[in-house]
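J.: with the input below, show me the fold.
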Amino acid sequence: MESISVVIPAYRSSESLPPLIAELERVLPTLTGGAPFEAIIVNDGSPDGGKTWAAIRELAASYPWVHGINMMRNYGQHNALLCAIRQARYELIVTIDDDLQHPPSEIAKMLDYLRANDLDVVYGAPEHEQHGLLRDLASQATKVVLQSSMGVDIARKVSAFRVFRAVLRDAFANYSSPYVSIDVLLTWGTTRFGAVTTRHEQRTIGVSGYTLSKLIRHAINMITGFSTLPLQVASIIGLVLAAFGVIILVYVIGRYLVEGQVVQGFPFIASIISIFSGAQLFALGVIGEYLARIHFRTMDRPVYTVREHTQERHD
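T.: Residues are numbered from 1 along each chain as shown. All right, here's what the predicted structure looks like:
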């Protein structure tokens, strides 16, 4: 049996973390067969007056295998995950949300599938997501974007509930951009992905910090930070509209030669100008997104900054 590190990004989860850790304490010994295990909880700048960090400190004091990390501010879920993944000490890494929607008992399914099929990454794909209609639609749209960024078919089944081999960290050990997608980074190290259906429970404690707007921003960051698809789309739109412009030109000249008339009317001219101006502004906006990312890279903004740990760690 391999040793396991469980990584938990925490955001306003002082009430949900204690039962989650209690369940992990029951489940993890049965999964490791005597091999060591740990849980790393990262407080991602929770705006709750220090309640989440206090809960993490209490858990770390009660459970020797729990380690807490407190971020200087909120950097985002994937940045917090990257911080914890780099701190993980064991052979397999499991990422799980802090809201109890991913039952720890389902980790066994993913581990069995990973071992049986000799895979490097396995996702726990929920049979039915329990976020609400708009959140679920936004989640599916994000996965479509993610498929373009990852370049693997399994992207449609990506979830925050994953297990992967720790050796994959070597592929992104020097990654330093403030825009992070763990799923894309994992594709830098392997193509051996899999997914298994797992239970996805209704959230009963607190409310999700992952809003619709955050999902949209994450999708935009993924597709512009890890893919050239927007630039290709802008080029295709430019070519299509250029061809459309040639057709309009042929129509105008042809009508003048055949009928001796020119195309008149303000609506016609205004619509043509609007189409081409819109295409130009769209292309400029796409280019601007990429320039912004280059700009932030030159600023050398940190991926994350740690304020404190619950205790010193010794490998």
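J.: now do the buried residues in the helix or strand encompassing Ile294.
T.: With elements delineated by DSSP states H and E, Ile294 resides in helix 266-299, which encompasses its position. Applying a neighbour-count criterion of 16 or more other Cβ atoms under 10 Å, one finds 279, 283, 286, 289, 293 buried in helix 266-299. (Glycine included, C-beta is placed from N, CA and C.)
J.: confidence score at the second one?
T.: Okay, so that is Ala283. The score at Ala283 is 83. That number is its pLDDT.
J.: go on, the fourth one?
T.: Note for Glu289: predicted pLDDT of 78.
J.: do I have it right that it meets Pro230?
T.: Yes. Contact status for Glu289 versus Pro230: in contact at 7.0 Å, counting by Cβ atoms under 8 Å.
J.: strands along this structure, start to end?
T.: 4-10, 37-43, 66-71, 92-95, 121-126, 162-165, 193-198, 306-309 (DSSP state E).
J.: ok, Leu17 - contacts?
T.: Contacts for Leu17 were tallied using Cβ atoms under 8 Å, 6 or more residues apart in numbering; they are 8, 10, 41, 52, 55-56, 59, 98.
J.: please redo it, this time with the cut-off set to 7 Å
T.: The neighbours of Leu17, taking Cβ atoms under 7 Å, 6 or more residues apart in numbering as the test, are 10, 41, 55-56, 59, 98.
J.: which two from those end up farthest apart in space?
T.: Leu59 and Asp98 (11.5 Å; Cβ to Cβ).
J.: please identify which of these two sits among more neighbours.
T.: Asp98 (27 against 20; other Cβ atoms under 10 Å).
J.: most remote residue from this protein's center?
T.: Gly260 (59.8 Å; Cα atoms, centre = their mean).
J.: that residue and Phe164: what is the separation?
T.: Using Cβ to Cβ, to the nearest Å, one obtains 72 Å as the distance from Gly260 to Phe164.
J.: which one is Pro36 nearest to, not counting chain neighbours?
T.: Distances taken as Cβ to Cβ, 6 or more residues apart in numbering place Ser3 nearest to Pro36, at 4.8 Å, with adjacent residues excluded.
J.: looking at the strands of the chain, which is nearest to Gly254?
T.: Nearest to Gly254, of all the strands of the chain, is strand 193-198, at 54.5 Å by Cβ to Cβ.
J.: show me what the closest one packs onto, helices and strands only.
T.: Using 3 or more Cβ pairs under 7 Å, 6 or more residues apart in numbering; DSSP states H and E as the contact criterion, the elements in contact with strand 193-198 are helix 107-116, strand 121-126.
J.: contacts for it?
T.: The set of residues external to strand 193-198 that reach it, using Cβ under 7 Å, 6+ apart, is 106, 109-110, 113, 117, 119, 121-127, 152, 154, 157, 161.
J.: now the stretch 1-150 of the chain, which segments are flagged as low pLDDT?
T.: In the prediction, the stretch 1-150 of the chain carries residues with pLDDT under 70 at positions 128-150.
J.: isn't Leu111 up against Gly33?
T.: No. Shown here, Leu111 and Gly33 do not form a contact pair, counting by Cβ atoms under 7 Å, at 10.9 Å.
J.: of the two, which one has the most company?
T.: Using other Cβ under 10 Å as the criterion, Leu111 and Gly33 rank with Leu111 on top: 20 against 9.
J.: contacting residues around that one?
T.: Here Leu111 is in contact with 31, 163 (Cβ under 7 Å, 6+ apart).
J.: distance of it relative to Ile205?
T.: For Leu111, the distance to Ile205 - Cβ to Cβ - is 26 Å.
J.: same question, Thr52
T.: The span separating Thr52 from Ile205 equals 12 Å under the rule Cβ to Cβ.
J.: phi and psi next, for the closest residue to Asp183 other than its chain neighbours.
T.: Leaving out its chain neighbours, the residue that sits closest to Asp183 by Cβ to Cβ, 6+ apart is Val158, at 5.2 Å. Note on Val158: backbone dihedrals following degrees, to the nearest 10 are phi -60, psi 140.
J.: tell me the contacts of Ser67?
T.: No Ser there; residue 67 is His. Taking Cβ under 7 Å, 6+ apart as the criterion, His67 is in contact with 38, 40, 60, 309-310, 313.
J.: output stretch 194-202 in CSV with nothing but the alpha carbons.
T.: Provided in CSV are the C-alpha atoms of stretch 194-202 (Å, rounded to 0.1, in the frame of the first residue of the first chain):
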residue,chain,number,x,y,z
GLY,A,194,-9.1,8.1,-15.7
ALA,A,195,-12.4,8.8,-13.9
VAL,A,196,-14.7,6.8,-11.8
THR,A,197,-18.2,7.7,-10.7
THR,A,198,-18.5,8.8,-7.0
ARG,A,199,-21.2,10.0,-4.7
HIS,A,200,-21.7,13.8,-4.5
GLU,A,201,-23.6,14.8,-1.4
GLN,A,202,-25.8,17.9,-0.9
